[in-house]
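Enquirer: here are the coordinates; sequence isn't available:
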């Protein structure tokens, strides 16, 4: 049985970083929306700081964190931020194990790729 938790937070009233951290500690699959990512970047002082926060959080919880960004009116793209040291094959396997959950949340998953940009992660 799959369970879902949707969190809506007002960045003027709460720390988005704290809300994301709490959700990550409670959820076996955390998907951060593009809006939440933008709010996190504003809170932490930029996109690099937000990405570093999510990477550190992925390492703390021991599995990837997803970021879903709208790409059109009815389409989106999801990227996964894994802990350092995870191979592309390990990430692909972890994501494949959650394929049904992702389709229930976002609709048909038409393409999955395990490509990791060169030089993007150490």
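Expert: Yes, it's here. Everything quoted here is computed from the prediction, not taken from an experiment. Residues are numbered from 1 along each chain as shown.
Enquirer: remind me which residues of this protein are low pLDDT?
Expert: By pLDDT under 70, the weakly predicted segments of the chain are 1-6, 106, 109-122.
Enquirer: just the strands in it please.
Expert: Here the chain has its strands, by DSSP state E, at 31-33, 65-70, 76-81.
Enquirer: Mind listing residues that contact stretch 71-79?
Expert: If you take Cβ atoms under 8 Å, 6 or more residues apart in numbering as the criterion, stretch 71-79 is touched by 31, 66, 67, 68, 69, 70, 102, 106. Using the backbone N, CA and C atoms, a C-beta is placed for each residue, glycine as well.
Enquirer: Tell me which residues of it come out buried.
Expert: residue 78 (16 or more other Cβ atoms under 10 Å).
Enquirer: ditto for stretch 58-72
Expert: 58, 61, 63, 64, 65, 66, 67, 68.
Enquirer: Save those residues as JSON lines, and put in distance to residue 51 too.
Expert: As requested, these are exported to JSON lines (distance: Cβ to Cβ, whole Å):
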{"residue": "58", "distance to residue 51": "11"}
{"residue": "61", "distance to residue 51": "16"}
{"residue": "63", "distance to residue 51": "17"}
{"residue": "64", "distance to residue 51": "13"}
{"residue": "65", "distance to residue 51": "11"}
{"residue": "66", "distance to residue 51": "13"}
{"residue": "67", "distance to residue 51": "9"}
{"residue": "68", "distance to residue 51": "15"}
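Enquirer: for these, which one is nearest residue 85?
Expert: When the buried residues of stretch 58-72 are compared for distance to residue 85 (Cβ to Cβ), residue 58 wins out at 10.9 Å.
Enquirer: so how far is stretch 29-43 from its chain's centroid?
Expert: Taking Cα atoms, centre = their mean, to the nearest Å, one finds the center of stretch 29-43 at 8 Å from the center of the full chain.
Enquirer: buried residues in it?
Expert: For stretch 29-43, using 16+ other Cβ under 10 Å, the buried residues are 29, 30, 31, 32, 33, 36, 37, 39, 40, 41, 43.
Enquirer: Check stretch 11-20 too.
Expert: 11, 16, 17, 19, 20.
Enquirer: I'd like those as CSV, with distance to residue 92 appended.
Expert: Listed next are these as CSV, based on distance: Cβ to Cβ, whole Å:
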residue, distance to residue 92
11, 33
16, 29
17, 28
19, 29
20, 24
